[in-house]
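K.L.:
Test case, fold it:
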Amino acid sequence: MRAIGLSGATLLVIGSVLGSGIFLTTGIMMEELPSVSLVLVAWAAGGMLAMAGGLTYAEMGSMFPRSGGLYVFLSEAYGPVLGFLFGWACLLVILTGSVAAVAVGFAEYFSYFVPSLGTDRVLLAMDMPWGPWSLSAGQLVAASSVILITAINYVGIKQGNLVNTVLTVVKIGGLIAIPLLAIAFGQVEPAYTPVVPESVVRPLASFGVIMIAVMWTYEGWYYVAFAAGEITNPARNVPRALILGTLILTAIYVAVNFAYVHAMTVEQMSGVTRIAEQVVTVLVGPVGAGLVAGSVVISTFGCNVAGIIASSRVCFAMGADGRFFRSVANVHPVYHTPHVALIVTSAWSVLLTLSGGYEALFTYVTFASVLFGTLGGVAIFVLRWRRPGAPRPYKALGYPIIPGLYVLGSFALVWNTLVERPTESIAGLGLVALGLPFYYYWSRR
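P.N.:
Just a heads-up that it's a prediction; the model follows:
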């Protein structure tokens, strides 16, 4: 059932990205690279890289306007094995683990208003064969938020899209308020020079490290392609939504970071985790902490609306292709939603939330996730070569230069992740490779 129009698809792009990252990462980036100029350049560069990716993915989204997104692109370009391994990694932790992590972030900030429901309130603790395990009130709140979002999406894509639209508009308004407060109450004149401070020994390596943080804050811009099967006129609306969404995101992120550097000095920001909370408190006083906590609660809840849609559609597409249980491709006869896929992926996300295991798994699949994204960029060149005459309602703007820049930028992140985290990167590839026996099992069936 195609029920999402251009405005809804654009807000899906924005809503799937705006979580807690923009509220938390800049202070850590300043600690790694204490340069106002380079941090702002990193946020702008991340937006341009996401834009290049959006233009690249938009062509493939117009070629294959069905649910599944990157899973479909990889399967069509490289064959079913690579597509399955991406889907396996998504279902195991890339998407489901992301939902779990965002849900825990939601619970952390929700406890600002209800302290008794925080992650620091342990309800149960016991020794397990793999080590100590504990269950907190915050984990139950996080799991409940996933269940609530799943129920909303279960009864119709229109309902899920409506919730995403409302929450996205609200959190855009909350983020825009930060630059406005900085204009009215800004206390610092940013030091744009020197561009590279003398204290930075390896500026290129440090810039690569902060770019990893930036790109993970932009993570999710391509989720709209996962729901292409439920977007009206996808050949037209998916490309436009990707372009408009990434442009709006870039403008918001750069504007918010301009606000940060007009409220606090580099030294004051360095190492501060809850940077948005600190900045707004500096600008308007103690009430700022409550305003930011409320914004993060809305942002994280809205982000998971899009995340649950994306994870369930990958599961649905794999079932439809016979590479997973066939039942997950069932569509509800009344609500017209992939209800089985929603239940399966959300149940796994809840389990990861309650177990706390998503953190370790997420560390290991970071490299694999970035690598799959890079291969997704290369897929446009493979498909142009293998299927030159295939219908392309939309052709990537600036081909081959813009897709090439996206691939080069993504590969730089892959290489930097491998160099900085070699053990986790190799282990992550091993975790993905564990999906091969399952692929051959379902292929034989």
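
K.L.:
From the chain's centre, how far out is the helix or strand that contains V170? Work that out for me.
P.N.:
Per DSSP states H and E: V170 is located in helix 157-185. Here helix 157-185 is found 17 Å from its chain centre; the criterion is CA atoms, centre = their mean, to the nearest Å.

K.L.:
what sits up against the helix or strand that that helix is followed by?
P.N.:
Using DSSP H and E, the helix or strand that follows helix 157-185 in sequence is helix 203-218. Outside helix 203-218, the residues that touch it by CB atoms under 8 Å, 6 or more residues apart in numbering are 17, 21-22, 25, 28-29, 32-33, 38-39, 42-43, 45-47, 49-50, 196, 200, 249, 253, 370, 412-413, 416-417, 420. C-beta here means a position set from N, CA and C on the backbone, and glycine is covered the same way.

K.L.:
which strands and helices sit next to the helix or strand that comes right after helix 203-218?
P.N.:
Once the chain leaves helix 203-218, the next helix or strand it forms, by DSSP H and E, is helix 223-226. Secondary structure elements in contact with helix 223-226, counted by 3 or more CB pairs under 8 Å, 6 or more residues apart in numbering; DSSP states H and E, are helix 6-17, helix 36-63, helix 70-78, helix 234-263, helix 287-320.

K.L.:
Would you agree S425 falls within a helix?
P.N.:
Yes: the assignment for S425 is a helix, going by DSSP: H, G, I helix; E, B strand; the rest coil.

K.L.:
Tell me where the model's unsure across the stretch 101-250 of the chain.
P.N.:
130 (pLDDT under 70).

K.L.:
And for E420, the neighbour number?
P.N.:
14 (other CB atoms under 10 Å).

K.L.:
Quick check: the gap between it and V432.
P.N.:
According to CB to CB, to the nearest Å, E420 and V432 sit 19 Å apart.

K.L.:
what's the helix or strand harbouring L140 in contact with?
P.N.:
Using DSSP H and E, L140 sits in helix 137-154. Residues outside helix 137-154 that contact it (CB under 8 Å, 6+ apart) are 99-100, 103-104, 106-108, 110-111, 116-121, 123, 159-160, 163, 301, 304-305, 308-309, 312, 332, 335, 337, 339, 342-343, 346, 349-350, 353-354, 356.

K.L.:
and those residues, which are buried?
P.N.:
By neighbour count, with 16 or more other CB atoms under 10 Å, those hold 99-100, 103-104, 106-108, 110-111, 117-119, 159-160, 163, 301, 304-305, 308-309, 312, 335, 337, 339, 342, 346, 349-350, 353-354, 356 as buried.

K.L.:
Show only the entries of these found in helices.
P.N.:
Among these, the members falling in helices (DSSP state H) are 99-100, 103-104, 106-108, 110, 159-160, 163, 301, 304-305, 308-309, 312, 339, 342, 346, 349-350, 353-354.

K.L.:
which ones are touching T374?
P.N.:
Per CB under 8 Å, 6+ apart, neighbours of T374: V407, S410, F411, L413, V414.

K.L.:
so is it in a helix, a strand, or just coil?
P.N.:
Assignment for T374 (three-state DSSP): helix.

K.L.:
quick one: it from V414, how far?
P.N.:
For T374 relative to V414 (CB to CB), the value is 5 Å.

K.L.:
Then G271?
P.N.:
27 Å.

K.L.:
next one: L123
P.N.:
L123 sits 40 Å away from V414, going by CB to CB.

K.L.:
do the same with P65
P.N.:
Distance from P65 to V414, by CB to CB: 28 Å.

K.L.:
go on, V195?
P.N.:
26 Å.

K.L.:
Of the two, which one has the most company?
P.N.:
Using other CB under 10 Å, the more surrounded residue of V195 and V414 is V414, with 20 against 11.

K.L.:
What residues of the helix or strand that contains that one count as buried?
P.N.:
In this assignment (DSSP H and E), V414 forms part of helix 401-420. For helix 401-420, a neighbour-count test (16+ other CB under 10 Å) marks 402-407, 409-411, 413-414, 416-418 as buried.

K.L.:
again, but for stretch 376-393
P.N.:
Buried residues in stretch 376-393 (16+ other CB under 10 Å): G376, G377, V378, A379, I380, F381, L383, R384, R392, P393.

K.L.:
List just the nearest of the residues you listed to E219.
P.N.:
G376 (13.2 Å; CB to CB).

K.L.:
So the closest residue to the closest one other than its chain neighbours versus A205, what's the distance?
P.N.:
Using CB to CB, 6 or more residues apart in numbering and skipping the chain neighbours, the partner closest in space to G376 is L70 (4.9 Å). According to CB to CB, L70 and A205 sit 29 Å apart.
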